[in-house]
Each structure stands twice: as structure tokens, then as C-alpha cells.
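**Q** sequence and predicted model, in that order:
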Amino acid sequence: MESTDHMRLSAAQRWMLALSCSAVALVVASMAALYTALPELATATGATQLQLTWIVDGYTLALACLVLPAGALGDRYGRRIVLVVGLFVFAVASATPLLFDSPTSLIAARAVAGVGAALVMPSTLSLLTAGFPESRRGNAVGLWAGVAGAGAVLGILGSGLLLERWSWLSVFLAMAVAGALLMVAGCTIPESVDQARPAMDPWGAVTSAAAVGLIVVAAIEAPARGWLDPLVIAMFVGGVLAAGIFTLVELRVPHPLLDVRLFARRGFAAGTMSVSVQFLVSFGVFMLLVQFLQLILGYSPLISALAMAPMVVPMVAISAVAPWIADRVGLRLPTVAGLVILGVGLVAVSRLTVDSTYLDLLWPLLVMSAGLGLCSAPATAAIIAGTPVEKHGVAAAVNDAAREVGAAIGIAVAGSILAAGYTARIAPALPQLPEPARGPVGDSLAAALQVAERAGPQAQPLIEFAESAFMHGAHQSCLALGYLAFGAAVVVGVWAPGRSRKTTVTPDPQRTPAHI
């Protein structure tokens, strides 16, 4: 009788794969979906810049803090039930702004939606790894990673399409409806659970949430307060101390939330680092590109989203085959190559000018997406492969936490460098402006364009100077992200394991990526 490992996927496995990819795409898309809606949302609700920041980042913060305990909950009580509950919480929280739309209630709703997303993300991946045979697992993880990586672009595209015809509330309604539909669909898949049902680790959950939370909040506050602000430094130090306490706790408890000894495994540690850097640089550059497309090229939210959509194709396509490549050549080669290609794309983006066209941007976008596709899936697969099957929920949570922390820090770093570069370059023009205009013009390009619009045609020199200042800051920010990708490639090149020399593997034609 033919082994299950050599059979094509069953209908149930394909349904699980489709559901898992759809759910992770939804919660990742929700991180970026509000980027294009913020101007209209601010006008409608009167939210300040600080409140707008927390409407976006409250979701990321809750997700990053709770994803590790949520993965452990799935292992112990059932990954399907945790997925369904998470989608329910996400859908209800996303619908709340339809009834209560004050800035404070929006921040609270987004934070609760982040709690739901924390339950969803590790469950989607651990359901796949537990429900697929080993010979098919790499390809399934590859497709999942590709969809997760493309989720931000899909979120921007979806919100752009909605805003073309409806108000900002339509973005929340769409997320709520999608969450509810996926919740119902989630009830149709089989349950998956760690049969040992180990005791929970409350101290590990608290200290891990404190460590991640303090570091993420510090990264969020750094652009506004400055990286040397005492509160920012105190939060970073507190996060590092909490991480140290978490490590000590996990080494002593009989059933740790996360066995920190896993980081001694080269594949697990290198994969975690690679995932963090990928999301750090990608979310950092997404924040820059949305502004470039709208403020420099003058695109509408919808056209801006469509302009970024081509990134999805090479990212998903290459992610589907990247684990198959890694199986044959090891983790090191695709990860290093992917990070280098990503860095090349970022350096190319840094060379854009005020006079650049969309075609000047398109090829660096495709280069970056190809790099992400090549290194994303092998890194995620290495994290999963480094843990026992019964702990795949926690392994998935490590992967997700690395993504969220990386994304938060990437947005903070890119935003800080952009702001510093813009401020330094725009400063000589400020003394020539009326006193009321100096603050807005010195704050951002978007504010400078609003001032210039009110001033009329005579403000054209100000527009040109402000756009040049923005591109100066964006140039520095993209270069920094590119050099970070190159540096990570060097570290991973030394750290990550290469091809296994245990046995010579005979290629199996039925294990090609085309079977997923």
C-alpha cells in the first residue's frame, strides 16, 4: 500500500491550507490596512497624531505581547478552538468602530483585535505543521509564509479599493465580515492538540509579554520622543531585563512556555533572526513607499495600493518553492541569498529622486519581493523543524513574535531616520516662513504640502524644497535598512546550518513544489 507521504494532498488538507493562509493573510493585512485610511479617519474623528499612531500600533502591541502565550494555549487546549475564538474576538473588535468611533474607543478596539490576532496567528501555522505529513509540510509552510509576507500589501490594496467608494468605516466592516466568515469555516477543520497537555507557565507568559511589550512600546515612542529620551531608554532596558528574567524562569520551570535552549540550535536561532530582519526592513520600507507614492507621485490611496500589488506575485511564487530548495542546499544559501537580494532592492529604492517615475520604483519592488520570497519560508520552516511536533504552536508563536517585533522596530527605525533627515534638510527654509507655518512645515512633508496648498502658486518653491527634504530622509532610511539586510546576511551566513551531509537524498518526483 502506498505511503501517505507519497500521496497527493487530500481535500481536507487543501481546505485546511486555504483556511490557514486566509486567516493569516487577514490578521497581517489588518496591520497595514489602516495606513491609507488614516487621513480620512483623522478628519472624521478628530484624532491627534499620537492617537493615530496608537490606533495602528495598539493592534501590533497586543499581538506581539500575547502571541507566545497564545501558541501555548493552542498546544494545550486545541489549536482549532483557539483559532475560532481568536477569529471571533477579532471580528467583534473590528465591528466595534461601527458603533463607537471616538479615538479612545478606536484604540481600545484595535488592541482587542490584536488579542484576537494573537490567538489566530500561531494556530494557523501549527494546524498546518501538525496536519501535514513531513514530505508535504515544507511546501505548506512555504505557501503560508509567502501569503503572510504578502499580507501587508494585500491589506493596503484592500483598504484602497474600499476607500475609493466608501468611508474609512468600510475597512473595519470588511475586516469584521472576513473574520466572521473564517470563524465559521474554522469550525469545519479537525482539532489538533498536544496529547500530553502540559501545565501552563504563567510566569513565563507574564515575563515574555513584559519583555516584548516594553521593547515594542519603546520602538513606537522613539520616533516622537527621540532614541535618547530617558523614558525610551528605560523601556528598552526594562525589556532586556524582562527578557533575562524570562530566560531564568524558563530554565527552571518543569514545563516552560518556551524552551530557551532551542536558541542553541543553529537552525532555530538563525531562522528567528532572519524572520525578524525580514519584517523589520519590509514594514519599514512599506511605510516609506506609501508616502512616496501618495506625496511625491501624487497617487490616490487606491492607485498607491495597486502600485504595490505586483510585489505579491514573486513573493508568493518563490515562497512556494523556497523550502524545496532549502531541503536540498540547506538553510544558509537561500537565506543569505534572499537577504542580499532584499538589501539590493532597498539600496535601489534609496536612489529614487523627486523626478523618479513609477517604473523606476517597480523593478526594486520586484527585487525586494523576490528576496523576501526566497528567505522567508526557509526561515519559518527552520523554526518549526527545530521543535517537537507537539510544541509546534509555541514554535509558530516564536515565528510570529519575531515578525511583529521586527515590524514594530522597522517602522520606528525607518520613521526616525526619515524624520531626522527631513528635519535637517528643511531647517534652512523655516526662518523664511510665517511663524504659524514653521511648525507644520518642519514636521512632515504632508503638512508642508497642506500649508503650500493654502498659500497658492507662490508656494511652489516650498513644495520643491520640502519634497527634496523628504527624499533626502527616505534615501538615508532605505540605505540604513539595506545595510541592515546585508549585515544580517553576513551573520546568518556564519550562523545558519548548510546542507546536511548525513545521507544522499534521491530526488522524489512526487515531492516537487507543484504538488501544493
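**A** Looks like it arrived, so ask away.

**Q** which intervals of this structure have sub-threshold pLDDT?
**A** For the chain, the stretches with pLDDT under 70 are 1-9, 48-50, 138, 194-198, 386, 388-393, 498-516.

**Q** those helices in the stretch 301-450 of the chain, which residues are they?
**A** 301-308, 312-329, 332-350, 358-385, 392-426, 435-443, 445-455 (DSSP state H, counting those that start in this stretch).

**Q** for Val206, find the nearest of those helices.
**A** Of all these, it is helix 392-426 that lies closest to Val206, at 15.0 Å by Cβ to Cβ. (C-beta placed from N, C-alpha, C; glycine too.)

**Q** okay, the angle between that closest one and helix 358-385?
**A** Following axes from the mean of the first three to the mean of the last three Cα atoms, to 10 degrees, one obtains 150 degrees for the angle between helix 392-426 and helix 358-385.

**Q** quick revisit: of all the helices of the stretch 301-450 of the chain, which lies closest to Gly131?
**A** Nearest of the helices of the stretch 301-450 of the chain (Cβ to Cβ): helix 392-426, 10.1 Å.

**Q** output the contacting helices and strands for that closest one.
**A** Applying 3 or more Cβ pairs under 8 Å, 6 or more residues apart in numbering; DSSP states H and E, one finds that helix 392-426 contacts helix 49-77, helix 103-131, helix 202-225, helix 266-291, helix 358-385, helix 435-443, helix 460-495.

**Q** tell me which of the helices of the stretch 301-450 of the chain sits nearest to Leu258.
**A** Nearest to Leu258 among the helices of the stretch 301-450 of the chain is helix 392-426 (5.7 Å), distances taken as Cβ to Cβ.

**Q** neighbours around Glu191, how many?
**A** Other residues within reach of Glu191, judged by other Cβ atoms under 10 Å, total 10.

**Q** quick one: contacts for Ala243?
**A** With contact set as Cβ atoms under 8 Å, 6 or more residues apart in numbering, Ala243 has these partners: Thr207, Ala211.

**Q** now do the contacts for the closest residue to Ala419 other than its chain neighbours.
**A** Excluding the flanking residues, the one nearest Ala419 by Cβ to Cβ, 6 or more residues apart in numbering is Pro223, at 6.0 Å. Contact partners of Pro223, counting by Cβ under 8 Å, 6+ apart, are Ala412, Gly415, Ser416, Ala419.

**Q** again, only this time at 10 Å
**A** Applying Cβ atoms under 10 Å, 6 or more residues apart in numbering to Pro223 gives the contacts Thr53, Val232, Ile411, Ala412, Val413, Ala414, Gly415, Ser416, Ile417, Leu418, Ala419, Ala420.

**Q** make CSV out of the residues you listed and add distance to Met287 and neighbour count.
**A** Output for the contacts of Pro223, formatted as CSV (distance: Cβ to Cβ, whole Å; neighbours: other Cβ atoms under 10 Å):
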residue, distance to Met287, neighbour count
Thr53, 12, 19
Val232, 19, 21
Ile411, 5, 26
Ala412, 10, 25
Val413, 10, 22
Ala414, 6, 26
Gly415, 6, 22
Ser416, 11, 19
Ile417, 11, 22
Leu418, 8, 26
Ala419, 11, 17
Ala420, 15, 16
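
**Q** for those residues, which one is nearest Val354?
**A** Proximity of the contacts of Pro223 to Val354, judged by Cβ to Cβ, is greatest for Leu418, which lies at 15.0 Å.

**Q** and the closest residue to the closest one other than its chain neighbours, how far is that from Ala452?
**A** Distances taken as Cβ to Cβ, 6+ apart place Gly473 nearest to Leu418, at 4.1 Å, with adjacent residues excluded. According to Cβ to Cβ, to the nearest Å, Gly473 and Ala452 sit 18 Å apart.

**Q** these two: who's more crowded?
**A** Neighbour count, other Cβ under 10 Å: between Gly473 and Ala452, Gly473 has more, with 25 against 21.

**Q** is it true that that one touches Phe292?
**A** No. Under the criterion of Cβ atoms under 10 Å, Gly473 lies out of contact with Phe292, with a separation of 11.1 Å.

**Q** overlap in contacts, the two.
**A** Leu445.

**Q** I'd like the contacts of Pro223 as JSON lines, with distance to Pro97 appended.
**A** Putting those into JSON lines (distance: Cβ to Cβ, whole Å) gives the following:
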{"residue": "Thr53", "distance to Pro97": "17"}
{"residue": "Val232", "distance to Pro97": "30"}
{"residue": "Ile411", "distance to Pro97": "22"}
{"residue": "Ala412", "distance to Pro97": "25"}
{"residue": "Val413", "distance to Pro97": "29"}
{"residue": "Ala414", "distance to Pro97": "27"}
{"residue": "Gly415", "distance to Pro97": "25"}
{"residue": "Ser416", "distance to Pro97": "29"}
{"residue": "Ile417", "distance to Pro97": "32"}
{"residue": "Leu418", "distance to Pro97": "29"}
{"residue": "Ala419", "distance to Pro97": "28"}
{"residue": "Ala420", "distance to Pro97": "33"}
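
**Q** so which of these comes closest to Ala140?
**A** Using Cβ to Cβ, the contacts of Pro223 come closest to Ala140 at Ile411, 29.4 Å.

**Q** can you list the buried residues in stretch 273-280?
**A** Neighbour-count burial for stretch 273-280, counted by 16 or more other Cβ atoms under 10 Å, picks out Met273, Ser274, Val275, Ser276, Val277, Gln278, Phe279, Leu280.

**Q** ok, the third one to Leu125 distance?
**A** Right, the one you point to is Val275. Taking Cβ to Cβ, one finds Val275 at 12 Å from Leu125.

**Q** shared neighbours of the two, which are they?
**A** In terms of Cβ under 10 Å, 6+ apart, Val275 and Leu125 are both contacted by the residues Ala145, Ala148, Thr380, Ile383, Asn399, Asp400.

**Q** Leu306: how many residues sit nearby?
**A** Leu306 has 16 neighbours, counted by other Cβ under 10 Å.

**Q** and if you look at Gly298?
**A** For Gly298, the neighbour count with other Cβ under 10 Å is 10.

**Q** one step back: want to throw the helices of the stretch 301-450 of the chain into JSON lines with distance to Trp168?
**A** Listed next are those as JSON lines, based on distance: least, Cβ to Cβ, whole Å:
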{"stretch": "helix 301-308", "distance to Trp168": "10"}
{"stretch": "helix 312-329", "distance to Trp168": "24"}
{"stretch": "helix 332-350", "distance to Trp168": "28"}
{"stretch": "helix 358-385", "distance to Trp168": "26"}
{"stretch": "helix 392-426", "distance to Trp168": "20"}
{"stretch": "helix 435-443", "distance to Trp168": "23"}
{"stretch": "helix 445-455", "distance to Trp168": "17"}
